[in-house]
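In: I'd like to go over a predicted model; first the sequence, then the structure.
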Amino acid sequence: MTRRRAAIAGDAAEIIPGTDKGGLRAGTLAVSIPSDVNDFDLRTVRVVVDEGGEAVPHDVGDWRMHRPESRPTFESSGEYPASLPGGGEVVLGLRSASGTEAQVTGVDTGTAGLAARDVRADFAEGGEGTVTFTLEVDDSYDLFAFSPTLTVDEGGARREEYLDPVLVGYLDLTEEDVQRIASR
């Protein structure tokens, strides 16, 4: 498999081609963010298809990334999805990283087109448990990446905590999916 470069500021992105579907190919845009950058936005990449070719700008939607400054209360354990086929019930297996008691009172996707509804948290003594919610997906978008943001109540102090990223819609792309994405 060949890798095609996406030339943006500092060569921070690379396009990794996926499987051919009906003459079209969906790929993955991998972005390297320097460790000293806390907020990162990306809307356009310049793609060079052939070695020595001209860089052509392409709109990639609205990517926003934020590196949290706080030490996490929860870490993923057991059942935690790296990728989901679409909307529906999501179960996040979590455990308390610090051993302290904290309540999860909400989940936010921070992503246009995705909403977390009917949030339920169930933790056993010792801090191991799950956060379950219904993920609603707006069909006017094709693919998503989001970091679930928990609203945590720790002894009356409320704060937000970011979890590991989850991809939505990338599993089992069909030829029809690729055609729809290409036509937008």
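Out: Received the coordinates, thanks.
In: Please enumerate the helices of this structure.
Out: Listed in chain order, the helices of the chain (DSSP state H) span 175-183.
In: burial of the closest residue to Trp63 other than its chain neighbours, as a residue count?
Out: Distances taken as CB to CB, 6 or more residues apart in numbering put Leu42 closest to Trp63, at 4.0 Å, once the chain neighbours are dropped. For glycine as for every other residue, the C-beta is placed from the backbone atoms N, C-alpha and C. For Leu42, the count of nearby residues is 18 (other CB atoms under 10 Å).
In: Now do Leu42, the pLDDT please.
Out: Leu42 is assigned a predicted lDDT (pLDDT) of 78.
In: which regions of the chain lie under the pLDDT threshold?
Out: 1-19, 25-26, 49-51, 67-71, 98-100, 126 (pLDDT under 70).
In: re the thing from before, test my guess that the residue nearest to Trp63 contacts Ser32.
Out: No - applying CB atoms under 8 Å, one finds Leu42 not in contact with Ser32, separated by 11.4 Å.
In: For the nearest residue to Leu163 once chain neighbours are set aside, list the residues it contacts.
Out: Nearest residue to Leu163, sequence neighbours excluded (CB to CB, 6+ apart): Pro148, at 4.6 Å. Residues in contact with Pro148 (CB atoms under 8 Å, 6 or more residues apart in numbering) are 92, 107-109, 116, 131, 162-163, 166.
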